[in-house]
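Undergrad: What follows is a predicted protein model with its sequence.
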Amino acid sequence: QVQLAESGGDLVQPGGSLRLSCSVAGVTLADYNIGWFRQAPGKAREGVSCINSNDGRTWYAESVKGRFIMSSDSAKNTVYLQLDALKVEDTGDYYCAADGICAVIGGTILDLDFDSWGQGTHVTVSS
């Protein structure tokens, strides 16, 4: 059974940075694609980024491209999301999810078959 735990959310000023972590237990990162998703208050959940387990390729939503970087550490079985140049509209609950398909259509990361989810970590970008 896959278990995911996010951490690293915080209050940060616009233009600031954060690094979110997603600790994965029960499986190895080499076996599962991992996606980051977020949900802003009053809005639908949206995909942020995704990493392919086979080749480490990453995809990003158009809204975060150039500002967020997703990476993984197989030794720690942990996936990271570096958030730079944060904007107020980046505020929300950030979730990592496993066992899905990395796909981008129209600049959007799709939620395709991601079956396992963490509890989320909250990011607030405010001055």
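TA: Nice, I can see it. Numbers count the residues shown, from 1 in each chain.

Undergrad: wait, doesn't K87 sit right on P14?
TA: Yes. In this structure, K87 sits in contact with P14. The criterion is CB atoms under 8 Å, and the distance is 6.1 Å. All C-beta spots, glycine's among them, are computed from the backbone N, C-alpha and C.

Undergrad: residue ranges for the helices of the chain, please.
TA: Applying DSSP state H to the chain gives no helices.

Undergrad: Point out where it drops to low pLDDT.
TA: Judged against pLDDT under 70, the chain has no low-scoring part.

Undergrad: shared neighbours, K87 and P14?
TA: Common neighbours of K87 and P14, counting by CB atoms under 8 Å, 6 or more residues apart in numbering, are V125.

Undergrad: which strand residues sit across from the residue most central in space within the chain in the sheet?
TA: Nearest residue to the geometric centre of the chain (CA atoms, centre = their mean): W36, 2.2 Å. W36 has these beta-bridge partners by DSSP bridges: S49, C96.

Undergrad: ditto for Y60
TA: Partner residues in beta bridges with Y60, using DSSP bridges, are S49.

Undergrad: surely it meets S49?
TA: Yes. Under the criterion of CB under 8 Å, Y60 makes contact with S49 at 4.8 Å.

Undergrad: ok, and for stretch 6-25, which residues are buried?
TA: By neighbour count, with 16 or more other CB atoms under 10 Å as the criterion, the buried positions of stretch 6-25 are 6, 8-9, 12, 18, 20-22, 24.

Undergrad: what distance separates the start and the end of that stretch?
TA: Between the start and the finish of stretch 6-25 there is a gap of 12 Å, counting by CA to CA, to the nearest Å.

Undergrad: Show residues contacting it.
TA: Contacts of stretch 6-25 from elsewhere in the structure, counted by CB under 8 Å, 6+ apart, are 2-5, 32, 34, 36, 76-88, 93-96, 98, 118-127.

Undergrad: now stretch 116-127
TA: By CB under 8 Å, 6+ apart, the residues outside stretch 116-127 that reach it are 1-14, 16, 18, 20, 22, 38, 83, 86-99.

Undergrad: one step back: most widely separated two among the buried residues of stretch 6-25?
TA: With distances taken as CB to CB, the most widely separated pair in the buried residues of stretch 6-25 is V12 and V24, at 24.7 Å.

Undergrad: No further queries at this time; thank you.
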